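Asker: turn this into a model:
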Amino acid sequence: VSARRAVARAQIVAEASNYCRSIGNLPPNVLYPKALADRAIAEGRKLGLRVKVYDEKALKLGKFGGLLAVGSGSAQPPRLIVLEHRGGRKGDRPLAFVGKAITFDKGGISIKPAANMEEMVFDKCGGMAVLGAMVAVAKLKVKRNIVGVIASAENMPSATAYRPGDIVTTYDGTHIEIINTDAEGRVV
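Answerer: Next up is the predicted model:
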């Protein structure tokens, strides 16, 4: 019986790992912040996770200046995705996973060199790891409260992009000066 349980657990973990890998490999014209949020909502419904997605309006109201700044150069607006698994007792402090999902990182105004830029599609893999972990947690019915947070944006150059020299106010009220727009991970 314990061997069967171990195999079943290993299968769930392997499937979740393959799931996040398969999403991580999707091209940026297929997986952009809203498309990622839609996938998270669908997974949440299927698995009983609570999912809240902050769109650009909610991000502005919530004063998520860093995420909004990074996503400001893209035609695809950013999203903040929060997944909750409530397997523990009510009131227990949750364990939190946080991941960056920059669905394409061109570097913003501090543009990256063209060589190997297609690999910047993988800048979303931290967020994919969080999504995969939350899928596994839900399927394993972990007896703990767990929250997964995924900050998703495209870091693109355009007339509306944030610039070196800009001052951005982050969610916690910290004012930061942007020196290099390709340091988006610290900004989101």
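Asker: show me where the chain has helices.
Answerer: Using DSSP state H, the helices of the chain run over 2-24, 33-47, 56-61, 65-71, 125-140, 184-187.
Asker: mean confidence score for the fourth one?
Answerer: Averaged across helix 65-71, pLDDT comes to 98.
Asker: starting at the chain centroid, how far to that helix?
Answerer: 13 Å (CA atoms, centre = their mean, to the nearest Å).
Asker: what does that helix contact?
Answerer: The list of residues contacting helix 65-71 from outside it, by CB atoms under 8 Å, 6 or more residues apart in numbering, reads 33, 56, 59-60, 77-78, 80, 102, 108, 151, 153-155, 162, 166, 168-171, 176, 178, 181, 184, 187-188. Backbone N, C-alpha and C define where each C-beta goes, glycine included.
Asker: the second one too?
Answerer: Around helix 33-47, the neighbours that count as contacts under CB under 8 Å, 6+ apart are 23, 31, 49-51, 53, 55, 71, 76-79, 81, 83, 101, 103, 124, 127, 131, 134-135, 138-139, 150, 152-154.
Asker: in strands, which of these appear?
Answerer: R50, V51, V53, R79, I81, L83, A101, T103, I150, S152, A153, E154 (DSSP state E).
Asker: got a list of what the third one touches?
Answerer: So that's V53. A37, A40, I41, R79, L80, I81, V82.
Asker: could you tell me the end-to-end distance of stretch 133-147?
Answerer: End-to-end distance of stretch 133-147 (CA to CA, to the nearest Å): 10 Å.
Asker: would you mark the buried spots in it?
Answerer: A133, M134, V135, A136, V137, A138, K139, N145, I146, V147 (16 or more other CB atoms under 10 Å).
Asker: nearest spatial neighbour of G73, chain-adjacent residues omitted?
Answerer: A161 (2.7 Å; CB to CB, 6 or more residues apart in numbering).
Asker: contacts only, for that neighbour.
Answerer: S72, G73, G108, I109, T181.
Asker: and those residues, which is closest to K90?
Answerer: Nearest to K90 among the contacts of A161: S72, at 38.8 Å, using CB to CB.
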